[in-house]
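In: how does the following fold in three dimensions:
(chains A and B)
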Amino acid sequence: MEQTAAARMRPATASQQTGPRAETSQPRSSAAPAQVVFDVKDLSVSYGSHVALGGVDMQIHKGEITALIGPSGCGKSTYLRCFNRMNDLIPSARVQGSMTYHGEDLYARGVDPVVVRQRIGMVFQKPNPFPKSIYDNIAFGPKVNGMKVDLDEVVETSLRRAALWDEVRSKLSASAYGLSGGQQQRLCIARAIAVNPDVILMDEPCSSLDPIATARIEDLMRELQESYTIVIVTHNMQQAARVSDRTAFFTTEVGGETDDLRSGRLVEYDYTENIFKNPGDSRTEDYVTGRFG
Amino acid sequence: MAVATPQRSAERAAAAINQTAPSRSGGERAFAGVLFFATIIGVVVLAVLLIDILLDGLPRLNWQLLTSYGSRFPEQTGVLAGISGTFSLMALVGLMAFPLGLGAAVYLEEFAADNRFTRLMEANISNLAGVPSVVYGLLGLSIFVYVFQLGRSLLTGALTLSLLILPVIIVAARESMRAVPRAIRDGGLALGATRWQTVSRQVIPAALPGILTGTILGLSRAIGETAPLLVVGALIGQRASTAPWEVFDRFSALPIEIYGLIGRPQAGFRESAAPAAIIAMLVLLLLMNSVAILLRNRYARST
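Out: Predicted structure coming up:
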């Protein structure tokens, strides 16, 4: 299983991603040791000479929702963007340490970031639909990935899975900009699902949404967990407590004399229940109880 | 006894508002007058010019003028060489300058590394937009006519005009691509699209209305250019007696024809044929711009 998943990252097999995924998912409360999707060792990210995030060790497990929490500027979004190599797009960003995906080094020489992003989807903080029709928003991914599939079917399935189908089925050719913020974000999730990824990264997906839309996205995340591994950055601790299986708490550490040299550190990573009810570090306790941050 | 129609009561209401408007101090009024004068002067001058041209040119604007070549008799002369030349020039310039300008803009905006070489090119392109057009004529003469041996041909003229409007297109296209939010690019890339797929299928379509506007502006500038075409050897006056049938033929253009007509001693050329040719050119310009604007609006609506 690990072999095949890793092999899919190779460019040559990029178009063969149409196999059923259900068989690879695991029930949430499986007693068996969870399969490791990402194994992160001593990872640090720097922008120019500024170290934004240092020394992270973490394992992300298959079929789980992993929440990354922490105060602003602690590097959690930067960290999230390492998983699908979005940091490559920032010229000054440098990633050090090791990060493997199903046992294969994500940052090895022969790995094409484009193929990585086909396997590891992302939903952004602000809904960012393309200025096109709802249908074209979903169809874009399968088209550029050269997936030989029935587009109509992919559009419908993706929208159904994102719990948006009933609201938009009659206006698939209407512009995505006509949707509400919450609908747009669900469209972005549907868009990410359409390319049949293995992992979905979510960068504060509910930060611009109202509580009702937020609740819908959270419900959706729990449903998607059946088939996908999800890593979510959130500012909202209740959200982390509600949806995630494991939680990582990051904080900023002043690395030098001045405030400019702050860099992010992973303080604690454990089952969500432990993080919130029985944290191992006093800084975690202060944060989750609202005394700081 | 007139019945109060809706229009009449509306007029009365408007009049009442005017009357109750607070009277302003003399100084303020004078200042407002100066500003109004400043606003109106350009419009008035343009109107006077247009009326003058229409009065002089309309009687002479007929089928014969549009379908004849140059002649030494004022009543037999025509600007067909100029019209056909301008049409051919615009087609060639559009074909060459649009892809080149868009290509340069896409490279600079989406692919070029931020280094000294790129910044040097950017500065150069911005400066090129301000270079006097006659200099482009000299450039065209020395490069296309002498170095590449293309002759004083339609192709030389089109290449020269293309160079002239490239900066306009590049700058406009870059600006409209820069206005496309970064989130759109990130969204495309995060779905596993390559940079080129993201740019060609998301960024360029989103920026297309602005890119087309820039191209329209560029072509509108090219259609009226006279100096660079004169320098590269466009045909003028009686010599403009043929339409360019292929790219290596000699050519003329409407502004060149107008320049030639105005320079002739007989009043029949200067005072009736020239204004008529000017009307023809203005109509052509308006037509071209409206087609382009229609095109742009259609793209803008589809997004």
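
In: any chance you could map the helices in the chain?
Out: All of this refers to chain A. Per DSSP state H, chain A carries helices over the ranges A:2-7, A:76-83, A:113-119, A:134-144, A:151-161, A:165-168, A:181-194, A:211-224, A:237-243, A:272-277, A:282-288.

In: switch to chain B, please.
Out: Using DSSP H, the helices of chain B run over residues B:6-20, B:26-57, B:63-67, B:80-106, B:116-128, B:133-140, B:154-178, B:182-190, B:195-198, B:204-224, B:227-231, B:254-262, B:267, B:274-302.

In: of those, which approaches chain A most closely?
Out: helix B:182-190 (3.7 Å; CB to the nearest CB). No exception for glycine: its C-beta is placed from N, CA and C like everyone else's.

In: using CSV, please lay out the helices of chain A together with mean pLDDT and distance to B:Pro132.
Out: CSV is the format used below for those (pLDDT from 0 to 100; distance: least, CB to CB, whole Å):
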stretch, mean pLDDT, distance to B:Pro132
helix A:2-7, 46, 62
helix A:76-83, 91, 49
helix A:113-119, 92, 46
helix A:134-144, 94, 45
helix A:151-161, 92, 53
helix A:165-168, 91, 55
helix A:181-194, 92, 49
helix A:211-224, 89, 58
helix A:237-243, 90, 62
helix A:272-277, 90, 69
helix A:282-288, 87, 65
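
In: for the ones you listed, which one sits closest to B:Val291?
Out: Closest approach to B:Val291 among those (CB to CB): helix A:134-144, 26.9 Å.

In: related to what we said a few turns ago, what about the helices of chain A, which gets the closest to chain B?
Out: helix A:113-119 (3.1 Å).

In: re earlier: out of the helices of chain B, which gets the lowest mean score?
Out: For the helices of chain B, mean pLDDT drops lowest on helix B:6-20, to a mean of 59.

In: now do the same contact list for the closest residue to chain A within chain B.
Out: Using CB to the nearest CB, B:Gly192 is the residue of chain B that sits closest to chain A, at 3.1 Å. B:Gly192 sits next to A:114-115, A:117-119, A:141, A:144-145, A:195 when contact means CB atoms under 8 Å, 6 or more residues apart in numbering or on different chains.

In: Throw those residues into a markdown table and include neighbour count and distance to B:Val199, thanks.
Out: Output for the contacts of B:Gly192, formatted as a markdown table (neighbours: other CB atoms under 10 Å in any protein chain shown; distance: CB to CB, whole Å):
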| residue | neighbour count | distance to B:Val199 |
| --- | --- | --- |
| A:Val114 | 19 | 13 |
| A:Val115 | 19 | 19 |
| A:Arg117 | 27 | 16 |
| A:Gln118 | 29 | 18 |
| A:Arg119 | 21 | 22 |
| A:Gly141 | 28 | 16 |
| A:Val144 | 22 | 12 |
| A:Asn145 | 22 | 17 |
| A:Val195 | 25 | 19 |
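
In: which pair in those residues spans the largest distance?
Out: Farthest pair in the contacts of B:Gly192 (CB to CB) is A:Arg119 and A:Val144. Separation: 14.2 Å.

In: now A:Gly110: phi and psi?
Out: Note on A:Gly110: its backbone torsions stand at phi -80, psi 0 [degrees, to the nearest 10].

In: my bad, should have said A:Asp281
Out: Dihedral angles for A:Asp281 - degrees, to the nearest 10 - are phi -130, psi 140.

In: now it. Nearest residue, chain neighbours left out?
Out: A:Glu268 (4.8 Å; CB to CB, 6 or more residues apart in numbering or on different chains).

In: and the one you found, what does it touch?
Out: A:248-249, A:275, A:279-281, A:283-284.

In: tell me the spacing between it and chain B.
Out: 28 Å (CB to the nearest CB, to the nearest Å).

In: who is that residue paired with across the strands?
Out: Counting by DSSP bridges, A:Glu268 is bridged to A:Phe249.

In: how about the residues of chain B near chain A?
Out: Chain B has residues B:113-114, B:181, B:183-184, B:186-194, B:197, B:201-202, B:205-206, B:303 near chain A, with proximity defined as CB under 8 Å from any CB of the partner chain.

In: ok, now with 6 Å
Out: Residues of chain B lying close to chain A (CB under 6 Å from any CB of the partner chain) are B:183, B:187, B:190-194, B:197, B:202, B:206, B:303.

In: and which of those residues is nearest A:Lys171?
Out: Closest approach to A:Lys171 among the residues of chain B next to chain A (CB to CB): B:Thr303, at 15.9 Å.

In: returning to what we had before: next, format the contacts of B:Gly192 as TSV and append distance to B:Ser272.
Out: TSV is the format used below for the contacts of B:Gly192 (distance: CB to CB, whole Å):
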residue	distance to B:Ser272
A:Val114	66
A:Val115	71
A:Arg117	68
A:Gln118	69
A:Arg119	74
A:Gly141	64
A:Val144	61
A:Asn145	66
A:Val195	68
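
In: quick check: which of the residues you listed are also close to chain B?
Out: A:114, A:117-118, A:141, A:144-145, A:195.

In: can you put these in a markdown table and add distance to A:Ala215?
Out: Shown next, in a markdown table, are those (distance: CB to CB, whole Å):
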| residue | distance to A:Ala215 |
| --- | --- |
| A:Val114 | 34 |
| A:Arg117 | 29 |
| A:Gln118 | 30 |
| A:Gly141 | 26 |
| A:Val144 | 32 |
| A:Asn145 | 32 |
| A:Val195 | 26 |
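
In: now, which of those residues sits nearest B:Phe269?
Out: Nearest to B:Phe269 among the ones next to chain B among the contacts of B:Gly192, counting by CB to CB, is A:Val144 at 60.6 Å.

In: so who does the closest one touch?
Out: B:193, B:197 (CB atoms under 6 Å, 6 or more residues apart in numbering or on different chains).

In: hmm, 7 Å instead?
Out: B:191-193, B:197 (CB atoms under 7 Å, 6 or more residues apart in numbering or on different chains).

In: how far does stretch A:229-242 sit from the chain's center?
Out: 11 Å (CA atoms, centre = their mean, to the nearest Å).

In: quick one: name the residues of chain A near chain B.
Out: With the criterion set to CB under 7 Å from any CB of the partner chain, chain A comes near chain B through A:84, A:86, A:89, A:91, A:114-115, A:117-118, A:121-122, A:124, A:126, A:128, A:130-132, A:140-141, A:144-145, A:191, A:195.

In: at 6 Å instead, please
Out: Within chain A, the positions near chain B by CB under 6 Å from any CB are A:114, A:117-118, A:122, A:128, A:130-131, A:141, A:144-145, A:195.

In: show me what residue of the stretch 151-293 of chain A gets nearest to chain B.
Out: Closest point on the stretch 151-293 of chain A to chain B, by CB to the nearest CB, is A:Val195, at 5.7 Å.

In: thinking again about what came up before, can I get the helices of chain A in CSV with distance to B:Arg152?
Out: Formatted as CSV, the helices of chain A follow (distance: least, CB to CB, whole Å):
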stretch, distance to B:Arg152
helix A:2-7, 63
helix A:76-83, 58
helix A:113-119, 50
helix A:134-144, 48
helix A:151-161, 54
helix A:165-168, 61
helix A:181-194, 56
helix A:211-224, 67
helix A:237-243, 73
helix A:272-277, 79
helix A:282-288, 78
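
In: for B:Gly237, find the nearest of these.
Out: That would be helix A:134-144 among the helices of chain A, by CB to CB, at 55.3 Å.
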